[in-house]
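Asks: Here is my input, please return the structure:
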Amino acid sequence: MRNSAQESPAKRWVTYRSEIRVLDCTVRDGGLMNDHSFDDETVKAVYTACVEAGIDYMEVGYKASKRIFAPADYGRWKFCDEDDIRRTVGENDTSLKLSVMADAERTDYHEDILPRDQSVIDLIRVATYIHQIPTALDMVKDAHDKGYETSVNLMAVSIVREHELDQALEVLAASEVGAIYLVDSYGAFYSEQIDYLVHKYLHYAEPVGKVVGIHTHNNQMLAYANTVEAVIQGANMLDGSMAGLGRGAGNCPIELLLGFLHNPKFHLRPILQCIRDHIEPKRKELLWGFDIPYMITGFLNQHPRAAMRFNASADRGDLVKFYDMIIEEE
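Replies: Got it, this is the predicted structure:
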């Protein structure tokens, strides 16, 4: 018999917050495994699943410069031309908001990002390394002035000096940006570091009314755990992807994240159906997900590009060879 002084399980959940927003990055981050060449059927299926599941945002791809990246070498979701997006989602007369990612110094943002009233895109996510912050600030201002919601994904912070991170967060907090993302680019962080960094980001963001977000990679099988830790500590913009589809080891699986959040507005079945019919059939081709070479780069706090090259080579599976090679390069 339950002690009357004990709380019911429902009262102990700490994950339900009405201000939490979930962003699906399946097509954008997953596109890094196939040069952004998803067919319209797949993108439409992800879009439909996000709508039916109650997801808040769907990221459809990048706004990359066609001067830097030859369109013949990439799929259309590297560039996200307005006509391509509209062909897939129409006018998007739904509650789902659409986003694109724009890399600092790799986007002709003045020309390629249209005024908001001419686009079905809602959110411009600027991705930047620490040395590109001045460009990122100008990109944020441009998008803000055009009428978009904005966020900044500050990448590779696991290799950024603390005083540089503090300076970056200070200037971002003073900018027009709406959300500042903690990004575990190399899948190198543990929960203690996520705890520390989320509080650091909140220190700068909360007093000026900005949101903190979290984007994780699964090199050490911690993408979900680290996202959970970030939620508990106060992050309210959460990235995930279907079956974890994303660069290298992949991202936080959105199906796990929805289960954790215990928010009745989210519905799991549409996500599972999309995974079954459209995402899992691509696994043998795209080779994303936890893998020992990705684990090793995560341990070493390195970009996974070496592991991605190795997994695409004839040596794939020779784990000792990869380990010896990458240790020698350290």
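Asks: Looks like L261 contacts E19 (just checking).
Replies: No - between L261 and E19 there is no contact under Cβ atoms under 8 Å: 11.8 Å. Glycine gets a C-beta too; all of them are placed from N, C-alpha and C.
Asks: So these two - more neighbours on which side?
Replies: Legend: neighbour count by other Cβ atoms under 10 Å for L261 and E19, higher for L261 (19 against 7).
Asks: Can you give me every residue that contacts the more buried one?
Replies: Listed by Cβ atoms under 8 Å, 6 or more residues apart in numbering, the contact partners of L261 are T15, Y16, I20, V22, V231.
Asks: With only the CA atoms kept, save stretch 270-287 in CSV.
Replies: The C-alpha coordinates for stretch 270-287 follow below in CSV (Å, rounded to 0.1, in the frame of the first residue of the first chain):
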residue,chain,number,x,y,z
PRO,A,270,4.0,8.9,-36.8
ILE,A,271,7.7,9.0,-36.0
LEU,A,272,8.0,5.3,-35.7
GLN,A,273,6.1,4.8,-39.0
CYS,A,274,8.5,7.2,-40.8
ILE,A,275,11.5,5.4,-39.3
ARG,A,276,10.1,2.0,-40.4
ASP,A,277,9.2,3.1,-44.0
HIS,A,278,11.8,5.7,-44.9
ILE,A,279,14.7,6.0,-42.5
GLU,A,280,15.8,2.5,-41.5
PRO,A,281,15.8,1.2,-45.1
LYS,A,282,18.6,3.7,-45.7
ARG,A,283,20.9,2.5,-42.9
LYS,A,284,23.0,0.1,-45.0
GLU,A,285,23.6,2.8,-47.6
LEU,A,286,24.3,5.8,-45.2
LEU,A,287,26.1,4.0,-42.4
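Asks: Report the buried residues of the helix or strand containing V228.
Replies: Element membership for V228 (DSSP states H and E) is helix 223-233. Buried residues in helix 223-233, counted by 16 or more other Cβ atoms under 10 Å: A223, Y224, A225, N226, T227, V228, E229, A230, V231, Q233.
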